[in-house]
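Asks: For reference, the sequence and a predicted model appear below.
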Amino acid sequence: MEPIIDHIQITVRDMDVAVPFYDRFLPLLGFSPQSRSSAVIDAHEFHVVEYSHPRLSFAITSPRSAFRDELVHRRRPGSMHHLAFQAASRDEVDSLHLSLKEIGAIIVAPPREYPEYMPAGYYALFFKDLDGIKYEIVTHSKVFKE
């Protein structure tokens, strides 16, 4: 099997706040606004908005009411630490940085080299959505050995 991710589904605190943010964020990564779909299953307290792309589907979902007031903590066991999206170049990382600031993303670290992650060529920016979920946009030249 090849390690290909089919879809990612992330729970957010407030769909009314998150959907407008992700409607602006995901097109920056190549998701078409026309690819957005949604569903509600009241019996499960479940509202999902999914953004589809031929390579990956990305969805945000509502929390159960019992967890609605909990804060995101990426170091809690079982939590996602962060999610990284690969850019084609440094110029693309820089351009996305400006676009992310325009849509209200919380910039954690602007674009720069991260020699502590890779000896040379790891160029990234880190940001959070409005719930505090951390993301990364990165470009680098990994060398894989098979």
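Replies: Right, received. Where do you want to start?
Asks: since we're on residue 137, how many residues are nearby?
Replies: Neighbour count of residue 137, defined by other C-beta atoms under 10 Å: 23. C-beta here means a position set from N, CA and C on the backbone, and glycine is covered the same way.
Asks: quick one: contacts for residue 130?
Replies: Under the criterion of C-beta atoms under 8 Å, 6 or more residues apart in numbering, the contact list for residue 130 reads 17-18, 21, 104, 106.
Asks: where does this protein have low pLDDT?
Replies: Scanning the chain with the threshold set as pLDDT under 70 gives 142-146.
Asks: pretty sure residue 63 is touching residue 72, no?
Replies: No. Under the contact definition of C-beta atoms under 8 Å, residue 63 does not touch residue 72, with a separation of 10.4 Å.
Asks: Find the residues that touch each one of these two.
Replies: Overlap of the contact sets of residue 63 and residue 72 (by C-beta under 8 Å, 6+ apart) consists of residue 13.
Asks: re earlier: now the contacts of residue 130 in TSV, with neighbour count?
Replies: Shown next, in TSV, are these (neighbours: other C-beta atoms under 10 Å):
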residue	neighbour count
17	13
18	22
21	17
104	12
106	15
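Asks: Take the residues you listed and keep only those in helices.
Replies: When DSSP state H is applied, those are split such that 17-18, 21 fall in helices.
Asks: Wait, a helix at residue 25?
Replies: Yes. Remark: residue 25 belongs to a helix, assigned using DSSP: H, G, I helix; E, B strand; the rest coil.
Asks: How many residues are close by it?
Replies: Residue 25 is flanked by 23 other residues according to other C-beta under 10 Å.
Asks: quick one: contacts for the residue nearest to it when sequence neighbours are not counted?
Replies: Closest residue to residue 25 apart from its sequence neighbours, by C-beta to C-beta, 6 or more residues apart in numbering: residue 103 at 6.1 Å. Applying C-beta under 8 Å, 6+ apart, we find residue 103 in contact with 21, 24-25, 28.
Asks: Could you measure from residue 103 over to residue 28?
Replies: Applying C-beta to C-beta, to the nearest Å, one obtains 8 Å for the distance of residue 103 from residue 28.
Asks: do residue 65 as well
Replies: According to C-beta to C-beta, residue 65 and residue 28 sit 31 Å apart.
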